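Trainee: Give me a 3D structure for the following:
(one chain, ligands or ions: 1)
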Amino acid sequence: MPPDLSALHGPYAELLREALDELSPPAARAALDIGCGPGLKAAWLAGRLAPSGLAVGVEIDRDSAAAARRAGLAALVADAHALPVRPGGADLAWMVAALGLFARPDVALTEARRALRPGGALVVAGAGERWVRPRRWPAGLAAALPAQPPLAPADGLGEELRAPLEAAGFGGVVLRAYLLAPAGLGAAAAALPLLAWAELAPLAPGLPEKVAAACAAAEAAAEPEPLPVLLVAAARAEGGGGAA
Ligand SMILES: C[S@@+](CC[C@H](N)C(=O)[O-])C[C@H]1O[C@@H](n2cnc3c(N)ncnc32)[C@H](O)[C@@H]1O
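Mentor: Below you'll find the predicted structure:
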């Protein structure tokens, strides 16, 4: 049975949290969790803000918003397509497992742009089955790499998020992809199979020749398979839409 990726809870929660943390700027003061559901991720968001910062969940479903409030979070019953937020009022927004559920993702992105100050960050995360080419790297590669190689996934994975983000007025798009099988991996281990050898090689200059050759072979042998993948995109609101 395929894994239930709809809410990215359970065994995926820690990986998702690491991924969101990596792509979210530190010390935001006013943050939105758009489509917050009962608020698990809004609680993470609240926990990473500046000391006087405020995180607000936006949720169309009354019962979910009430559950978020019972969990001690600020949550508004409102529509992602018409955010009750003044232009430029937020400096960070998350959409976790939500963008694909909005009737008009393009409108929701434009609204997020309006709600963010210029330079503010939007982080979008979602998961699903995708055709990917997982690289089966030899032992020894991971230890030779930086703890979290700051690399976009291979094969253009997630690139389909770039155009709608840019059309909505975002720039500086950063993409990450993580394999969700097996469940329970940390972010670095889940990202590694989806990175290209051509990008990794310069980050592991001291790798023994035999291991490097095995890496090149693993790259060449990678074949497409349908696998569960978490995609995360971060982008910066460009100037002009929201207030400074
Ligand atoms: C799969 S859940 C994810 C909830 C939460 N972000 C999480 O990761 O746990 C998607 C949420 O988006 C909400 N939603 C759907 N359409 C919405 C809209 N137009 N405006 C606000 N929230 C919406 C749903 O009610 C649901 O709670």
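Trainee: and the closest residue in space to residue 45 that isn't next to it in sequence, helix, strand or coil?
Mentor: Nearest non-adjacent residue to residue 45, counting by C-beta to C-beta, 6 or more residues apart in numbering: residue 55, 4.5 Å away. (C-beta placed from N, C-alpha, C; glycine too.) At residue 55 the chain is in strand, as set by DSSP: H, G, I helix; E, B strand; the rest coil.
Trainee: Confirm for me that residue 55 is in contact with residue 46.
Mentor: Yes - with contact defined as C-beta atoms under 8 Å, residue 55 and residue 46 form a contacting pair (3.9 Å).
Trainee: Give me the more crowded residue out of those two.
Mentor: Counted by other C-beta atoms under 10 Å, residue 55 and residue 46 do not tie: residue 55 has more neighbours, with 27 against 19.
Trainee: and that one, how far is that from the ligand?
Mentor: Applying C-beta to the nearest ligand atom, to the nearest Å, the value for residue 55 to the ligand is 12 Å.
Trainee: now swap in residue 199 and tell me
Mentor: Taking C-beta to the nearest ligand atom, one finds residue 199 at 29 Å from the ligand.
Trainee: Quick one: residues contacting that residue.
Mentor: Shown in contact with residue 199 (C-beta atoms under 8 Å, 6 or more residues apart in numbering): 149, 151-152, 154.
Trainee: Common neighbours of residue 55 and residue 46, please.
Mentor: Counting by C-beta under 8 Å, 6+ apart, the residues touching both residue 55 and residue 46 are 31, 73.
Trainee: Next SSE downstream of the helix or strand hosting residue 210?
Mentor: Secondary structure from DSSP states H and E places residue 210 in helix 209-221. For helix 209-221, the following helix or strand on the C-terminal side (DSSP H and E) is strand 225-237.
Trainee: picking that back up, the helix holding residue 210 - what's its average pLDDT?
Mentor: Averaged over helix 209-221, pLDDT sits at 97.
Trainee: Please apply the same query to stretch 184-198.
Mentor: The average pLDDT within stretch 184-198 is 95.
Trainee: Flag every buried residue along that stretch.
Mentor: 185, 187-188, 190-197 (16 or more other C-beta atoms under 10 Å).
Trainee: Same question for stretch 68-83.
Mentor: 68-69, 73-80, 83.
Trainee: Could you list the residues in contact with that stretch?
Mentor: Under C-beta under 8 Å, 6+ apart, the answer for stretch 68-83 is 32, 34-39, 42-43, 46, 54-62, 65-66, 84, 95, 98, 102-104, 107-108, 111-112, 114-115.
Trainee: what separates the residue nearest to residue 45 from residue 16, distance-wise?
Mentor: Residue 55 sits 16 Å away from residue 16, going by C-beta to C-beta, to the nearest Å.
Trainee: helix or strand for residue 32, which one?
Mentor: strand 30-34.
Trainee: which secondary structure elements does that strand contact?
Mentor: helix 40-47, strand 54-59, strand 90-96, helix 105-115 (3 or more C-beta pairs under 8 Å, 6 or more residues apart in numbering; DSSP states H and E).
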